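A.B. asks: Quick one, what's the 3D model for this:
(one chain, ligands or ions: 1)
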Amino acid sequence: MPSSGPDLAAPPGDLVAAIGPAARDRLGRLEGEAFLARLERVHPDVAGPLHTLYGARTDVAALVRELVGAALDAAAARPERLRVLDRRREVDPAWFQDSRTIGYACYTDRFAGTLAGVRTRLDYLAELGVTYLHLMPLLAPREGPDDGGYAVADYTSVDPRLGTMADLEDLTADLHGRGIALCVDLVLNHTAREHEWARRAAAGDPAYRDFYLVFPDRTMPDAYERTLPEVFPDTAPGSFTHVPEMGGWVWTTFNDYQWDLDYTNPAVFGAMLRTMLELANHGVDVLRLDAAPFLWKRLGTDCQNQPEAHLLVQAFRGLTRLAAPGLLFKAEAIVAPEMLVQYLGAHETYRPECDLAYHNQLMVLLWSSLATRDATLATRALSRLRPEPPSTGWITYLRCHDDIGWAVSDTDAAAVGWNGYEHRRFLAAYYAGRHPGSTARGALFQENEATGDARTSGMAATLAGFAAGDPAAVDRLETLYSVVFSFGGIPLLWMGDELALGDDPHWADDPEHAADNRWMHRPPMDWAAAARRHDPETVEGRVFGRIRALATARRGLPALRSGGSTVLLEPDDPHVLAYRRQHPRSGPLVALANFSDGWQSVDLGLLAAAGVAAPAHVHSTRGRLDLGEGRAHLPPWGFAWIATA
Ligand code: GLC
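C.D. replies: A predicted model of the protein is given here:
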């Protein structure tokens, strides 16, 4: 196809005519017509990106036909129970935006041993109101170090230690029966060097060699590395690994055993699309697109967030939706604030991309506010973010399996009179307990002497002061989570936070983990502690009760649905983070959070200006709200959600 381009906006009449009989024949009349209707709808979102990505290299019309054919195969193989779910989700495409959506993320083995084990713990999740379960990487990894499962050796089978594909399907059936969606990681930037594609490449098969980025000598790697940041400078310096069987240097952004795929090759795109379609047919509802910013490389850049990385995700989305219209994409894009919302499709015009993305900025700024006892930086930085498209949503969270990178921009820091570099260093020191007065007991991760950059490891409880026995820790954790639950989006609990679970004291005993202290905040679930969750005399009881109360309150508040808007307010008290949350289906709700050790208050005029003229308590720290003297009063580390009476 000439790269001057077809009319991409035109209905794909020829394609529909060509594929129509097969679609009706294989899917039946009704399903076939639905498939074709979807094809007409998504065609511009697929053909446009594919044309830009591959037009110079291949016949794009033929490529689209082939990929749509793969989607048709998947549609024909899709189990009926999933098609029933698809039907519901096409009727209600905003299903995941509901304020009842509450997320929980964990490693299968650490939470319940196996996938079958997870099925025995669903009552526990139901108690927290969980409707979205993210199980960390569960596909068969390489043997030996596997970066927590992010080095996949086989996308078609489950890690045998966790179970089988049949177990995964049984689990999804149970989850769906309880109204819980399952999110699974798709590691699409790289494979393990043991993956069959990599083995074939190393054995000299040219078709598979083209799946990876290989350079005969250091010329190009050196040229790229002039502008490439290092992800793991301590343990995996550089971004290329010399592999004699490949005859040169292989691109390895992460560890040397994780080989980056070459997405300039349309065969790689096709292979990954088939992987996505298969996972969807096993019952996975949400794919977490691991390391999405890294998919496309460009000389002279940091090789992240390239426009082509977005086009790839857009094309994947359109094509997967043909067969699995309810499938969602979640971007793992831990990037600078101005780069983030594009993963939700907010480009110069909206282009459907991911439905969900981690709100990394909010996470970082919550911890920053805690350390400084000051919410002004958070207010400033969050109000600068472009709003997310209304059909999408954030994942709001406090902790996850990764380290915290202190992504406070120099611009935002300067706006409140701080030095960005110094502030980032302060945060790393504070959370490692290396700052006077800090009761955080985390650790530095990947301290980079060249740049002075350091990240942070540690469970939320450890960072909030539990490990040091800080009496304010319970209130702090609750207030941090009050923001996670009310900022808008899907709140995602990291396993154990609901019990203030601490770090794994044995994390370094495993020699495969000893060099990577992210394992400290990946502890096994403490079910003995969980058994105390209903006893208010215990720490677990207090924390669980408060997290559960946040979840319960949230469920009844349509203002907290995704697809609404969050506006940062500027209270007359720098310790208080304040925002108005609103959704077309509800009146406004104002949330306040006190990031200090003392009582604070805000003028009720702030609430009135935000549309809450007759303030009434919705949910707050002590079950009541003190509105004396024209101000809303917050106890130390307290919070309040306030709406109009
Ligand atoms: C993502 C994962 C991280 C992993 C990396 C490489 O950032 O969250 O744990 O190391 O991708 O796959």
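A.B. asks: Which helix or strand contains the residue lying closest to L277 once chain neighbours are set aside?
C.D. replies: With sequence-adjacent residues excluded and distances taken as Cβ to Cβ, 6 or more residues apart in numbering, L277 is closest to A74, at 3.8 Å. C-beta here means a position set from N, CA and C on the backbone, and glycine is covered the same way. If you go by DSSP states H and E, A74 is part of helix 60-77.
A.B. asks: just R533 next, same as before
C.D. replies: When secondary structure is defined by DSSP H and E, R533 falls outside every helix and strand.
A.B. asks: For the residue lying closest to it once chain neighbours are set aside, give me its contacts.
C.D. replies: Of all residues beyond its chain neighbours, the one nearest R533 is F544 (3.9 Å), with distances taken as Cβ to Cβ, 6+ apart. Counting by Cβ atoms under 8 Å, 6 or more residues apart in numbering, F544 touches 498-499, 533-534.
A.B. asks: now the angle from the helix or strand containing R24 to helix 60-77?
C.D. replies: R24 is located in helix 13-27, with elements delineated by DSSP H and E. Helix 13-27 and helix 60-77 are oriented at 20 degrees to each other (axes from the mean of the first three to the mean of the last three Cα atoms, to 10 degrees).
A.B. asks: Mind listing what's buried along helix 13-27?
C.D. replies: Within helix 13-27, the residues that qualify as buried are 15-16, 19, 23-24, 27, counting by 16 or more other Cβ atoms under 10 Å.
A.B. asks: cool, stretch 595-611 as well?
C.D. replies: 595-596, 600-602, 604, 606-607, 610.
A.B. asks: What is the distance between it and the centre of its chain?
C.D. replies: What separates the centre of stretch 595-611 from the centre of its chain is 31 Å, taken as Cα atoms, centre = their mean, to the nearest Å.
A.B. asks: now stretch 121-134
C.D. replies: Averaged C-alpha coordinates place stretch 121-134 at 18 Å from its chain's average position (Cα atoms, centre = their mean).
A.B. asks: tell me the contacts of H176?
C.D. replies: By Cβ under 8 Å, 6+ apart, the residues touching H176 are 81, 85, 283.
A.B. asks: Let me know the closest of those residues to the ligand.
C.D. replies: Nearest to the ligand out of the contacts of H176 is G283 (Cβ to the nearest ligand atom; 22.7 Å).
A.B. asks: And M525, how far from the ligand?
C.D. replies: Noted for M525: a distance of 19 Å to the ligand, by Cβ to the nearest ligand atom, to the nearest Å.
A.B. asks: Can you pull the domain assignment for the protein?
C.D. replies: Annotated domains of the chain cover 190-260, 558-644 [automatic domain parsing].
A.B. asks: ends of the longest one, how far apart?
C.D. replies: Pointing back at domain 558-644 there. By Cα to Cα, to the nearest Å, the extent of domain 558-644 from end to end equals 14 Å.
A.B. asks: By neighbour count, which bits of stretch 253-271 are buried? Give me those.
C.D. replies: 253-266, 268-269, 271.
A.B. asks: again with stretch 117-127
C.D. replies: Of the residues in stretch 117-127, those scored as buried under the neighbour-count criterion (16+ other Cβ under 10 Å) are 117-118, 121-122, 124-125.
A.B. asks: Pick the one among the residues you listed closest to the ligand.
C.D. replies: Relative to the ligand, the closest of those is V118; by Cβ to the nearest ligand atom it sits at 20.2 Å.
A.B. asks: Can you tell me, leaving aside adjacent residues, what's nearest to that closest one?
C.D. replies: Excluding the flanking residues, the one nearest V118 by Cβ to Cβ, 6+ apart is A112, at 4.5 Å.
A.B. asks: got it, and Y350?
C.D. replies: In this structure, Y350 finds its nearest non-sequential neighbour in P389, 5.2 Å apart by Cβ to Cβ, 6+ apart.
A.B. asks: Hmm, H347 and that neighbour touching each other?
C.D. replies: No. Under the contact definition of Cβ atoms under 8 Å, P389 does not touch H347, with a separation of 9.8 Å.
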